[in-house]
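Engineer: Make a model of this:
(chains A and B)
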There are 2 protein chains.
Amino acid sequence: MKIVTCIAPVNIAVMKYWGKRDEDLILPINDSLSATLNTNFMCAKTTILASPDLKENKFWLNGKEESFEGKRLQNCLREVQRRAKDMNPDVLGWKIAICSENNFPTAAGLASSAAGYACLVSALAKLYNIEGEISDIARLGSGSACRSIYGGWVRWHKGELSCGEDSVARQVVPSSHWPEMRVLILVVNDKKKKDSSTSGMQRSVDTSDLLLYRSDKIVPKRMEEMITSIKNKDFHNFAKLTMQDSNQFHATCLDTYPPCVYMNDVSHSISGLVHKYNELFDENRVAYTFDAGPNACLYILEKDVEEFLSVVNYVFPPPEVDQVEYLTGMPLENRKIKNDLINSLNLTRNEPGLLKYIIHTNVGEGPTSTDDHLLSLNGIPLK
Amino acid sequence: MKIVTCIAPVNIAVMKYWGKRDEDLILPINDSLSATLNTNFMCAKTTILASPDLKENKFWLNGKEESFEGKRLQNCLREVQRRAKDMNPDVLGWKIAICSENNFPTAAGLASSAAGYACLVSALAKLYNIEGEISDIARLGSGSACRSIYGGWVRWHKGELSCGEDSVARQVVPSSHWPEMRVLILVVNDKKKKDSSTSGMQRSVDTSDLLLYRSDKIVPKRMEEMITSIKNKDFHNFAKLTMQDSNQFHATCLDTYPPCVYMNDVSHSISGLVHKYNELFDENRVAYTFDAGPNACLYILEKDVEEFLSVVNYVFPPPEVDQVEYLTGMPLENRKIKNDLINSLNLTRNEPGLLKYIIHTNVGEGPTSTDDHLLSLNGIPLK
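Structural biologist: Down below sits the predicted model:
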């Protein structure tokens, strides 16, 4: 029998993926680019046991047994096994047990599938000893999962081939290139059930004229500018492009028929606060980006985190019910907002609790393996 | 001395005007199309007195004296007087007093400048006895005012000339063409100060790539489809195009840097309700459109008004404080929602008071004159 465990990161796109040209192979209509986040604070963890003693394939996700027959899981498994074929005929014949979990609340509405499929495919690749490119396999699970296969700043090339072979992720620069970069995730309290991004994305491709114009004409040019700004560590332009791209992605969602609406009043209020803050300093010090949900991901340099966070805490007071970990992740001094900043920004406070919690993290590395398994050697989840 | 009073209508665009190619002459980057609303329920009223006894020009707006030197007022006045030159040399030399008011609360955030400038220019044209096209003069006051110069369904042709002479409004069909059409205006309670549409529009032209694509490539085609649907009284397609165009306009606002956000959570919730209602019947029975603010304007046929309104009243209970006129405009039976509709639509009620009030109106005629003046013959406002 053989057991492997991997840990894989979340990634947050600064140039958005929205729209597939092939539904089955998950081939996108444009390139996208993200930062991979530190797995210390947010990650998926997956253990896979292969054993001649297992009677059937099993799959547990976040403590709950799930069907092993899911199309995306099957697509990833089939492709890893195909590439492994001549290497390990023994292991290939055994049944497997998969146990996966996220170390951050799924209730947060944070995209967990990217980390999850990157982790699954990394673990499968380790199990079956396959080498070489695996981001295209992770892509079969969830498009943006391919970017979580690498650390640092990662570009998903849309590729040209219809087989999808060239639709892979590549690292642009490692995390060490811009070590001052920090990420604040503002988790927004939201009652509304969100549209699934898979169906929303397809509806956008089918109905939004603006989306196709964006993917064909705007993204290629903006991508070059984005990469230049990252290579030059030019935060002002990086922030501008990041915010523009997030807004344009949500614009194409709104141009969809019927429209997909992911940002809410609190999201827009965070966006407004970021612009106000940047305008005060006459340079961009914070950039927001929003995925298919109301939560804000903020890119910000280390030097500005504590001051900006004092503004966020003033404008969005934490929930009044004591919550042990309202601010999680990298440790920070809890700085009080300066009075002159309240006045200069002309801030008004909201009622408490509009934000559920805040995660403070940074850019990190790709998947790693560990011996801290989630399954017993009998293939039973340890917890 | 000479005194004239005119009344002019509001209009609600179904193909939106957003973006100027000339700031001074107010020349738009694309054609737009609107319905002119019945002046019985919403209108501007303007009295102008010209007299040799007046010492100076005066201007009152909604009971408050305002500067006579405003650029837009001056532009309209200059152009009317230029065209009048040879007709009425006496009157032209006299000072004038202008008194204008809206019969609907400006606090509602409903675009009052279109009705206001259409009324001003109609009254000036009557005062100075000018004939022929005046929609291009109204346009100098406020772009969309040119559409309020005609009744029924009105198209503002963007024109090609740099002097603006061909940027005029034309009636597409009279109000009698589609007498069953009704309009519900859902005035949304909103605390947020809204972005000015003049500055937002300019920022969009300067920063949104999607806006230029929309105006060049999408609007011309959609305009032909819109006119066909109106001529054929094809409500289903009319509604689809209207909603798509509203959403696309707001998409370009969001693509602006920094973004302009006019719709709020309540606006999106109304939009969601309309789609749900239409999906239940598998045809469009209601269409929403949103201008540069959170209020919803709904186009709906007479036969469906009472039922849809029962749904709105269920989902958005009126404010609990007794308000005499929560529902104003054309009289309606206050019908109770049917239980099976609540179930079929899977409706949930919001807290009361998300809507401030509702106006029920229809498509009506252009400006008219009256002897019911707002000024005494001494040029003093009567109230």
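Engineer: Contacts for the worst-scoring helix or strand of chain A on mean pLDDT, please.
Structural biologist: Lowest on mean pLDDT, DSSP states H and E among the helices and strands of chain A sits helix A:89-93, with a mean of 85. When contacts are defined by CB atoms under 8 Å, 6 or more residues apart in numbering or on different chains, helix A:89-93 is touched by residues A:2, A:50, A:52, A:81, A:84-85, A:127-128. C-beta: built from backbone N, CA, C; applies to glycine.
Engineer: And for A:Leu345, the neighbour number?
Structural biologist: 17 (other CB atoms under 10 Å in any protein chain shown).
Engineer: Output the contacts of helix A:89-93 in JSON lines; the columns should cover pLDDT and neighbour count.
Structural biologist: What follows is the contacts of helix A:89-93, written out as JSON lines (pLDDT from 0 to 100; neighbours: other CB atoms under 10 Å in any protein chain shown):
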{"residue": "A:Lys2", "pLDDT": "95", "neighbour count": "16"}
{"residue": "A:Ala50", "pLDDT": "96", "neighbour count": "24"}
{"residue": "A:Pro52", "pLDDT": "94", "neighbour count": "10"}
{"residue": "A:Gln81", "pLDDT": "93", "neighbour count": "16"}
{"residue": "A:Ala84", "pLDDT": "87", "neighbour count": "19"}
{"residue": "A:Lys85", "pLDDT": "74", "neighbour count": "11"}
{"residue": "A:Leu127", "pLDDT": "95", "neighbour count": "24"}
{"residue": "A:Tyr128", "pLDDT": "93", "neighbour count": "23"}
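Engineer: And the helices in chain A?
Structural biologist: A:71-84, A:89-93, A:113-127, A:135-141, A:197-207, A:209-213, A:219-231, A:235-254, A:265-281, A:302-315, A:339-345 (DSSP state H).
Engineer: Which of these has the lowest mean pLDDT?
Structural biologist: Among the helices of chain A, helix A:89-93 carries the lowest mean pLDDT, at a mean of 85.
Engineer: Tell me what A:Phe290 is bridged to.
Structural biologist: Applying DSSP bridges to A:Phe290 gives these bridge partners: A:Ala296.
Engineer: Return the residues in contact with it.
Structural biologist: A:246, A:250, A:262-263, A:267, A:271, A:296-297.
Engineer: Quick check: of those, which lies closest to chain B?
Structural biologist: The shortest approach to chain B among these belongs to A:His250, at 5.7 Å (CB to the nearest CB).
Engineer: ok, that closest one - contacts?
Structural biologist: A:262-263, A:290, B:254.
Engineer: Likewise for A:Leu27?
Structural biologist: Applying CB under 8 Å, 6+ apart to A:Leu27 gives the contacts A:20-21, A:158-159, A:162, A:164, A:167.
Engineer: ok, so what distance separates it from chain B?
Structural biologist: 24 Å (CB to the nearest CB, to the nearest Å).
Engineer: Around chain B, pick out the residues from chain A.
Structural biologist: Residues of chain A lying close to chain B by CB under 8 Å from any CB of the partner chain are A:209-210, A:213-214, A:217-218, A:240, A:243-244, A:247-248, A:250-252, A:254-259, A:261, A:264-265, A:268, A:271-272, A:275.
Engineer: now with 6 Å?
Structural biologist: Counting by CB under 6 Å from any CB of the partner chain, chain A comes close to chain B at A:209-210, A:213, A:218, A:244, A:247-248, A:250-251, A:254-255, A:257-259, A:261, A:264-265, A:268, A:275.
Engineer: Now compare the contacts of helix A:89-93 and name the two farthest from each other.
Structural biologist: Spatial extent of those (CB to CB) is set by the pair A:Pro52 and A:Lys85 at 18.6 Å.
Engineer: quick one, what contacts the nearest residue to A:Glu66 once chain neighbours are set aside?
Structural biologist: Sequence neighbours aside, A:Phe59 is the residue nearest to A:Glu66 in space, at 5.1 Å (criterion: CB to CB, 6 or more residues apart in numbering or on different chains). The contact partners of A:Phe59, taken as CB atoms under 6 Å, 6 or more residues apart in numbering or on different chains, are A:66, A:68, A:98.
Engineer: Settle this for me: the last one is touching A:Thr47, isn't it.
Structural biologist: Put plainly, it is A:Ile98. No - using CB atoms under 6 Å, A:Ile98 makes no contact with A:Thr47, being 7.5 Å away.
Engineer: on that earlier part again, so which of the contacts of A:Phe59 wins on neighbours?
Structural biologist: Most surrounded of the contacts of A:Phe59: other CB under 10 Å gives A:Ile98, at 25 neighbours.
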